[in-house]
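> here is a sequence together with a model predicted from it:
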Amino acid sequence: MTDLPNLFPGFETRRFKTSSAEIFARIGGEGPPVLMLHGYPQTHVIWHRVAPRLAKRYRLIICDLRGYGQSSIPADTPDHFSYSKRAMAQDFVEIADQLGYDKLLICSHDRGARVGYRFALDHPGRVEKLILLDIVPTHAMWHRLNRDLALKAFHWSFMAQAAPWPENMIGQDPLGWMDNKLAQWGGTGDLSIFAPEALAHYRSFFSEPERLHATCEDYRAGATYDLAADEADYDAGQKIHCPTAVFWGDKGIPSNTSGPLDIWREWCTDVTGHAIAAGHFLPEENPEATAVAIEQFFG
C-alpha cells in the first residue's frame, strides 16, 4: 500500500505491536492526546478532512483497527474474540501505555465507536472524554431491531453468517459491494462525498480477501461475543462514567431508531449530543460541523 496517497502530510507513521496484533497509525499535532478510530468499510483515512484543523489543538493518534487498512490480521478464534471490541480496545490500551498516556480522549465512528465505548466500559479510568459518531449500542441494535432498521443494516445479520458464505458472496464483486455500502449510507446516495484519494485507500484494503474475511469476523463478533458483553453490562447496570458526546447524521442509520440520545442515556451517566447534517460518514460529509462538535466537547 506504499503507493497510496498520503492524506496526512506532516504526520508520523507508526506501527505498534500489541499482545495480539500490529496496529498501523498516523500521529500528529500538539496538545491533549486524542485516539481516533474508524468504522466499516473504511480505514483511518476517514479523518483526513478534519485532522488538519484538529491537529492545531490536539495530539492525534489515528489508527486502523485490527484486520482493517494496514493493521495486521489476527487469526480467528472459535468464539470470535479475536475481532471482538474487547480485544480491539485492548490494542489501544496497550498503545496508550507505549506512548505514556494514562488517559485519552477518544473520538470514534461506526465499528470504531463500538471499540470506543467498550474501552470506556472495560477501562473506565483511562478515558477522559468519549465521542461516538453515528451509532447506538450493539445491545440496542439487536434488541430493538425493527423493519426500517433491519432493511438499513441488513449487513449485520448477513456478514455474521458462518464463514465462508458471506466472504464468497461479497468476494464475487468486493468493490461493487463496498461502493454500494458507501453510497447507500451516505447522505447523497452516491460516492460524491468521498475524495478520490480516500476511495483509493478504501478500495485497496477491501480488495484483499483476507481483510474481507476479517471484516466479516468483526460482524460475527458483533452478533456473539460483543452482544454477550453488552448484555452482561446492561443486566448489571454497568455505565460509562466519563463525559460522553453522541453525534449522528440526520440521514444516518441511528436516525432510524427511537432516538440515539435517549438510548445512550441508558448507558452513560453524563451524555450530550445532537444530529449533524449528514448521512453516516460525518467526518467526510460535513467536516466543518463535525470538527466544531469535536472541539466544543473536548475543549
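The structure has been received and is ready for your questions.

> tell me which residues touch the one residue sitting closest to the centre of the chain, please.
Centroid-nearest residue in the chain, with C-alpha atoms, centre = their mean: residue 112, separated by 2.0 Å. Neighbouring residues of residue 112 by C-beta atoms under 8 Å, 6 or more residues apart in numbering: 36-39, 65. For every residue, glycine as well, the C-beta is placed using N, CA and C.

> these two touch, right, residue 261 and residue 275?
No - counting by C-beta atoms under 8 Å, residue 261 stays clear of residue 275, with 9.2 Å between them.

> okay if I get the contacts of residue 112 as a markdown table plus secondary structure, distance to residue 124 and neighbour count?
As requested, the contacts of residue 112 are arranged in a markdown table below (DSSP: H, G, I helix; E, B strand; the rest coil; distance: C-beta to C-beta, whole Å; neighbours: other C-beta atoms under 10 Å):
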| residue | secondary structure | distance to residue 124 | neighbour count |
| --- | --- | --- | --- |
| 36 | strand | 20 | 27 |
| 37 | strand | 18 | 29 |
| 38 | coil | 23 | 27 |
| 39 | coil | 23 | 24 |
| 65 | coil | 21 | 29 |
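
> quick one, strands of this structure?
For the chain, strands defined by DSSP state E occupy the ranges 12-17, 22-28, 33-37, 59-63, 104-109, 127-133, 244-249, 271-276.

> adding mean pLDDT and distance to residue 229, write the ones you listed out as CSV.
Putting those into CSV (pLDDT from 0 to 100; distance: least, C-beta to C-beta, whole Å) gives the following:
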stretch, mean pLDDT, distance to residue 229
strand 12-17, 98, 24
strand 22-28, 98, 21
strand 33-37, 99, 17
strand 59-63, 99, 21
strand 104-109, 99, 17
strand 127-133, 98, 16
strand 244-249, 98, 18
strand 271-276, 97, 20
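
> and those as JSON lines, adding distance to residue 296?
As requested, the strands of the chain are exported to JSON lines (distance: least, C-beta to C-beta, whole Å):
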{"stretch": "strand 12-17", "distance to residue 296": "27"}
{"stretch": "strand 22-28", "distance to residue 296": "21"}
{"stretch": "strand 33-37", "distance to residue 296": "14"}
{"stretch": "strand 59-63", "distance to residue 296": "17"}
{"stretch": "strand 104-109", "distance to residue 296": "12"}
{"stretch": "strand 127-133", "distance to residue 296": "11"}
{"stretch": "strand 244-249", "distance to residue 296": "9"}
{"stretch": "strand 271-276", "distance to residue 296": "10"}
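
> residue 167: which of those is closest?
Evaluated with C-beta to C-beta, the strands of the chain place strand 22-28 nearest to residue 167, the distance being 22.5 Å.

> quick check: buried residues in the closest one?
23-28 (16 or more other C-beta atoms under 10 Å).

> tabulate those residues (a markdown table), appending distance to residue 266.
What follows is the buried residues of strand 22-28, written out as a markdown table (distance: C-beta to C-beta, whole Å):
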| residue | distance to residue 266 |
| --- | --- |
| 23 | 31 |
| 24 | 34 |
| 25 | 33 |
| 26 | 34 |
| 27 | 35 |
| 28 | 36 |
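
> out of those, which one sits closest to residue 238?
Once C-beta to C-beta is applied, the member of those that ends up nearest residue 238 is residue 23, at 26.4 Å.

> okay, and the beta partners of that closest one?
Residue 23 has these beta-bridge partners by DSSP bridges: residue 16.

> now do the contacts for it.
15-16, 63-64, 66, 71-72, 91-92, 95.

> keep only those of these that are in helices.
Residues of the contacts of residue 23 located in helices (DSSP state H): 91-92, 95.
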